[in-house]
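Q: Here is the input, now give the coordinates:
(one chain, ligands or ions: 1)
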Amino acid sequence: MITLQNNDPEVWRAIQAEKERQQNTIDLIAAENICSLAVQEAQGSSMTNKYAEGYARRRWYAGCGNVDTVEELAIARAKQIFGAEHVNVQPHAGSQANMAVCFTVLKPGDRILGMDLSHGGHLTHGFKKNFSGTMYEIAQYGVKKDTGYIDYDEVRSIAVKTKPKMIIAGASAYPRVLDFPRFRKIADEVGALFMADIAHIAGLVAGGAHPSPVPYADFTTSTTHKTLRGPRGGMIMCKSKYAKQIDSMVFPGIQGGPFMHAIAAKAVAFKEAMTDEFKQCQHQTVKNARAMAQEFVKMGYTIVSGGTDNHLFLIDLRSKKITGKEAQLALERADIILNRNTIPYDEAGASANEPNGIRIGTPTITSRGIKEAEAIKIAECIDKVLSQPNDNKTKESVQKIVKDICSAHPLY
Ligand code: DSN
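A: Predicted structure coming up:
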């Protein structure tokens, strides 16, 4: 980045510092990952200069031959990975992907049935301050209090009672396998459309570490930067019969020019997602999450649902005399980065800002090559910090272990 260093040293310094922060800390944010240098090169390429409103071979601008090539590659590769009938790779993010589906098939005031945010759902699945919660009637399902699992009989009975136009499956903080055939069955029974939002688990689905919703869902949306390990962005997969409507809702319905540099990077990430290395990494991501969750159970922690089947799990800190926010801050001081999170049925007075849980995800550490033994070591470090959050000696000893693990596993 010599040119940037010379032209804008302030921004260059911030970027260098961020690179170092990523190298020297342990990232357990379940929604993050480390994309390859090839993905970053495509993302940082001159394709950012190109306006390409429209779709490949039918653009509004001249000079689109090269960007057409990368968009066609991205679509063909995504179809191959997920077995989708139709793919749109233009959504700038997951929220835009979900918005495009909602705007395509729902009218304002129609009802959506989605997972409650405080039980692990997403803002776009019906949160009251999000477009989904303001434009549509919302019905919500959650997890069972005693098990932490989605109760599909309850989802069915809410669906029968509320007659939603669309049912959404998908979550940001649900550690168990989603039963997509069951969601489809419920949707069929009540005459609803079925959308699966696989933003969190797309990489696991691509790598065969979680069942795919694509054969069952009318629409499958995703981000491309979480377990899928691509650039920040979104995508929509759907049945062919919705292809035309979805494409014209993404553009010109809710977006203008697509980010062709991001689409080039999506194409690169999709090629990587077909490799054996990627598939193994997805299975290892689950193994690491399981090993850490089990270790926490051994150390006396309460894990929502008792463990995990995917890349993340939630620790309920209510018995530990520390809030989610205090835990997040103390761990950050020790170079372990994660986020506070609501837990299902949190105390009255708890909120998204002051919840009693933390969320732990293993995509980034696994992409760095970390396996179960070191994942367990990280769990032990977290326990040390949470047991003595204000003790300097504890912090320093954990920082040393973090440093050793990070130097043994460079980002690239
Ligand atoms: N913000 C993401 C997460 O942390 O899970 C969801 O979009």
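Q: how many neighbours does residue 336 have?
A: If you count neighbours by other C-beta atoms under 10 Å, residue 336 ends up with 23. (C-beta placed from N, C-alpha, C; glycine too.)
Q: and what of residue 394?
A: Neighbour count for residue 394, taken as other C-beta under 10 Å: 18.
Q: before we move on, what about residue 300?
A: 9.
Q: roughly how far apart are it and residue 316?
A: Using C-beta to C-beta, to the nearest Å, residue 300 is found at 12 Å from residue 316.
Q: residue contacts, residue 339?
A: Applying C-beta atoms under 8 Å, 6 or more residues apart in numbering to residue 339 gives the contacts 29, 328, 358-359.
Q: Kindly state the pLDDT recorded for it?
A: On pLDDT, residue 339 comes in at 98.
Q: Specify the beta-bridge partners of it.
A: residue 359 (DSSP bridges).
Q: quick one: what helix or strand has the residue nearest to residue 31 when sequence neighbours are not counted in it?
A: Excluding the flanking residues, the one nearest residue 31 by C-beta to C-beta, 6 or more residues apart in numbering is residue 226, at 5.1 Å. Of the helices and strands defined by DSSP states H and E, none includes residue 226.
Q: And for residue 329?
A: helix 324-333.
Q: what sits up against that helix?
A: 317, 322, 337-341, 353-358, 382, 385-386, 389-390, 395.
Q: how about it: buried residues?
A: Across helix 324-333, burial judged by 16 or more other C-beta atoms under 10 Å covers 324, 326-328, 330-331.
Q: Output those in JSON lines, with distance to residue 70 and pLDDT appended to each entry.
A: Output for these, formatted as JSON lines (distance: C-beta to C-beta, whole Å; pLDDT from 0 to 100):
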{"residue": "324", "distance to residue 70": "41", "pLDDT": "97"}
{"residue": "326", "distance to residue 70": "45", "pLDDT": "98"}
{"residue": "327", "distance to residue 70": "42", "pLDDT": "98"}
{"residue": "328", "distance to residue 70": "38", "pLDDT": "98"}
{"residue": "330", "distance to residue 70": "44", "pLDDT": "98"}
{"residue": "331", "distance to residue 70": "39", "pLDDT": "98"}
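Q: Could you dump those into a markdown table with distance to residue 128 added?
A: Formatted as a markdown table, these follow (distance: C-beta to C-beta, whole Å):
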| residue | distance to residue 128 |
| --- | --- |
| 324 | 21 |
| 326 | 27 |
| 327 | 27 |
| 328 | 25 |
| 330 | 31 |
| 331 | 30 |
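Q: can you give me the helices in the stretch 201-350 of the chain?
A: Along the stretch 201-350 of the chain, the segments classed as helices by DSSP state H, counting those that start in this stretch run 202-206, 243-248, 260-273, 276-298, 324-333.
Q: Stretch 332-346 near the ligand anywhere?
A: No: using C-beta under 6 Å from any ligand atom, we find that stretch 332-346 stays clear of the ligand, coming within 6.6 Å at best.
Q: how close does the closest residue to residue 119 other than its chain neighbours sit to residue 174?
A: Excluding its sequence neighbours, the residue lying closest to residue 119 (C-beta to C-beta, 6+ apart) is residue 142, at 3.5 Å. Going from residue 142 to residue 174 by C-beta to C-beta gives 10 Å.
Q: Of these two, give the one with the bigger neighbour count.
A: residue 174 (28 against 21).
Q: OK, contacts around the nearest residue to residue 34 once chain neighbours are set aside?
A: In space, and not counting its chain neighbours, residue 34 is closest to residue 367: 4.7 Å by C-beta to C-beta, 6+ apart. Residues counted as contacts of residue 367 (C-beta under 8 Å, 6+ apart) are 33-34, 229, 281.
Q: Report the separation between residue 367 and the ligand.
A: Separation of residue 367 from the ligand (C-beta to the nearest ligand atom, to the nearest Å): 17 Å.
Q: Appreciated, that's everything.
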